[in-house]
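K.L.:
Fold the following for me, if possible:
(2 chains)
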Amino acid sequence: MKLLVCISKSPDTTSKIDFTNNYTEFNEAGVQYIVNPYDEWYALVRALELKEQNGGSVTTITVGTANDDAIIRKALAIGADNAVRIDAAAGDAYFTAFQIAEYAKVNGFDIVFTGKETINYNGSQVGGMIAELLDQPFVSLATSLEMNGNTATISKEMVGGDEVVELSTPFVVSAAKGMAEQRIPNMRGIMAARTKPLEVIPAAACDHLVVFESYELPAAKSACKYVDADNMAELVSLLHNEAKVI
Amino acid sequence: MSVLVYIDTLSGKVTKSAMEAVQYGSMIGETTVVTNGSISDGELAKLGGVGAQKILVNRALTSTDAAQVSRLVKAAASSVNATTIVFSQDLTGKAVAPRVSASLKAGLVSGAIALPQSDGSVPVNVFSGKAVGKVNVKTAIKVIALTPNAVGVKPGEGNAVVEEFSADLGEVSYTVKEIKKQEGDVLLPEAELVVSAGRGLKGPENWGIVEDLAKSLGAATACSRPVADIGWRPHHEHVGQTGVAIRPNLYIAAGISGAIQHLAGVNGSKVIVVINTDPEAPFFKAADYGVIGDAFEVLPKLTAEINKLKAQN
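P.N.:
The predicted structure follows:
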């Protein structure tokens, strides 16, 4: 089975979020980048488990510049066989999805995996767009995926519950919590990752459909108002009369 | 301006986030709603009160299949010449909106938290709620997916016409083998009030005091990641970075220390109340109101006071 896993970089969860250039660009100073957790913990690891069970290959794909190579090597250290980087500064989700779909069309994959969203733009856009561009089914927010031959049984989240669906490859799936458990790369994996193939491909021409014009930081929270544990009447009164939320 | 709003009504009910998306659309332009599944005309007519002019319903399509729903939405958008297509950024919207966007090459703004501003940009949540981005759509048709509970909903008077709507939906993507419905009356992502608890509750058998408070408020229940991971509570209750991100009016957290990953899921809440025995718990820094105390004592007292307030009003 040929599996393609979309890998995006995102700032470490604990990063201070700040902007430069009059709040038009993310301030990268001092920011540690990681593999987007949904891409790594859930999408990549499940793809590796499927390969271990059924054979095949796991390729990662990233739309980004050479600055992204460190997180791509991390994905290789966890166990991907090879990586592809589409050489372009990340634009909007459509630009990213278009590049990945162009690569997938030419190279043909049984399953394309994405994380359910990135932790920086939280858009949940790329997976569905790739599916549309490839004219394939899209199974969103999958919490488990089992293969039997080329038939997949997938649990996915839906409004007000979960559903179990069955379909044949090829398809695109976005991975949520539950799909797999995080793997820590071992020393052998890290050494092997250095020499695994990382192919760099020029980007195809594609327009951006949206642009982030500027950013704002939320107003600083006022100090916490403490209420005595024996005086819940006061808390209720504050919530009712001051905050007006109940 | 013609606006089309897609809402998921597969439960047979018009949810609060559906009403919210329709009202949001009606503040942008003349709004038509498209939906699917076996929902009654009477239930759909509620949407007149939030500004819908016309409701197109395809009762034959009863699944969440993103490919089929997106074809339905595109057919409806074309029939009313919609220049803005609105979704709720719920589990269905997250699957369908990107397909519609890519197919029409229409820019998608996901996670909108307010109406388009005077410069045309739409504010969205980014960096897991730690910042707001202003997105400009450069295409003639705009697709907006609205974060539940971002703008609220105030139903008024109004009537909407309900019409059957058929479209070429193409092939089915998958067979649905099983549907597992969640328990509880209030859906967590659209709840206005949420009561949440963590490891401080010591065991699943102690959740009664959390549920009692939730019931007295009419709130949804939620939990921290460790509690979902060890199986004390169902995974759909887990709020935080890897779980659900919510923005209720009131979030009450008992026995949750407030790790940064948890805050990422709740920092959009309008008011946060933190109850913890540890005065150094980081969650107090993000709280509006804090109670240093034992959840086992504080929660029942709080429930009693809420009940008193409800009895007065």
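K.L.:
CA atoms for contacts and neighbours, from now on please.
P.N.:
Fine.
K.L.:
for chain A, which strand is longest?
P.N.:
Looking across chain A with DSSP state E, the single longest strand is strand A:138-148.
K.L.:
Quick check: buried residues in it?
P.N.:
Within strand A:138-148, the residues that count as buried by 16 or more other Cα atoms under 10 Å in any protein chain shown are A:Phe138, A:Val139, A:Ser140, A:Leu141, A:Ala142, A:Thr143, A:Ser144, A:Leu145, A:Met147.
K.L.:
So which elements touch it?
P.N.:
helix A:126-134, strand A:151-158, strand A:171-175, helix B:66-79, helix B:91-104 (3 or more Cα pairs under 8 Å, 6 or more residues apart in numbering or on different chains; DSSP states H and E).
K.L.:
The stretch 201-313 of chain B against chain A: which residues are in contact?
P.N.:
Where the stretch 201-313 of chain B comes near chain A, counting by Cα under 8 Å from any Cα of the partner chain, the residues are B:217, B:241-243, B:249-250, B:260-261, B:271, B:284-293, B:298, B:301-302, B:305-306, B:309.
K.L.:
Present the buried residues of strand A:138-148 as TSV; the columns should include pLDDT and distance to A:Gly55.
P.N.:
TSV is the format used below for the buried residues of strand A:138-148 (pLDDT from 0 to 100; distance: Cα to Cα, whole Å):
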residue	pLDDT	distance to A:Gly55
A:Phe138	98	23
A:Val139	98	22
A:Ser140	97	24
A:Leu141	96	25
A:Ala142	97	22
A:Thr143	96	22
A:Ser144	97	19
A:Leu145	98	16
A:Met147	97	12
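K.L.:
Got the domain ranges for chain B?
P.N.:
B:2-164, B:188-312 (automatic domain parsing).
K.L.:
Compile those domains into JSON lines and extend it with columns for mean neighbour count and distance to A:Glu181.
P.N.:
Output for those, formatted as JSON lines (neighbours: other Cα atoms under 10 Å in any protein chain shown; distance: least, Cα to Cα, whole Å):
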{"stretch": "domain B:2-164", "mean neighbour count": "21", "distance to A:Glu181": "22"}
{"stretch": "domain B:188-312", "mean neighbour count": "20", "distance to A:Glu181": "11"}
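K.L.:
I'd like these as CSV, with distance to A:Ala203 appended.
P.N.:
Shown next, in CSV, are the domains of chain B (distance: least, Cα to Cα, whole Å):
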stretch, distance to A:Ala203
domain B:2-164, 18
domain B:188-312, 31
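K.L.:
Go through those domains and name the closest to A:Ala80.
P.N.:
domain B:188-312 (22.6 Å; Cα to Cα).
K.L.:
and the end-to-end length of the closest one?
P.N.:
With Cα to Cα, to the nearest Å applied, domain B:188-312 spans 27 Å between its terminal residues.
K.L.:
for the record, mean pLDDT for that domain?
P.N.:
Across domain B:188-312, pLDDT averages out at 96.
K.L.:
swap in stretch A:156-172?
P.N.:
Mean predicted lDDT for stretch A:156-172 stands at 95.
K.L.:
and the longest helix seen in chain B, how far from the chain's centre?
P.N.:
In chain B, with assignment by DSSP state H, the single longest helix is helix B:295-312. Put simply, helix B:295-312 sits 27 Å off its chain's centre (Cα atoms, centre = their mean, to the nearest Å).
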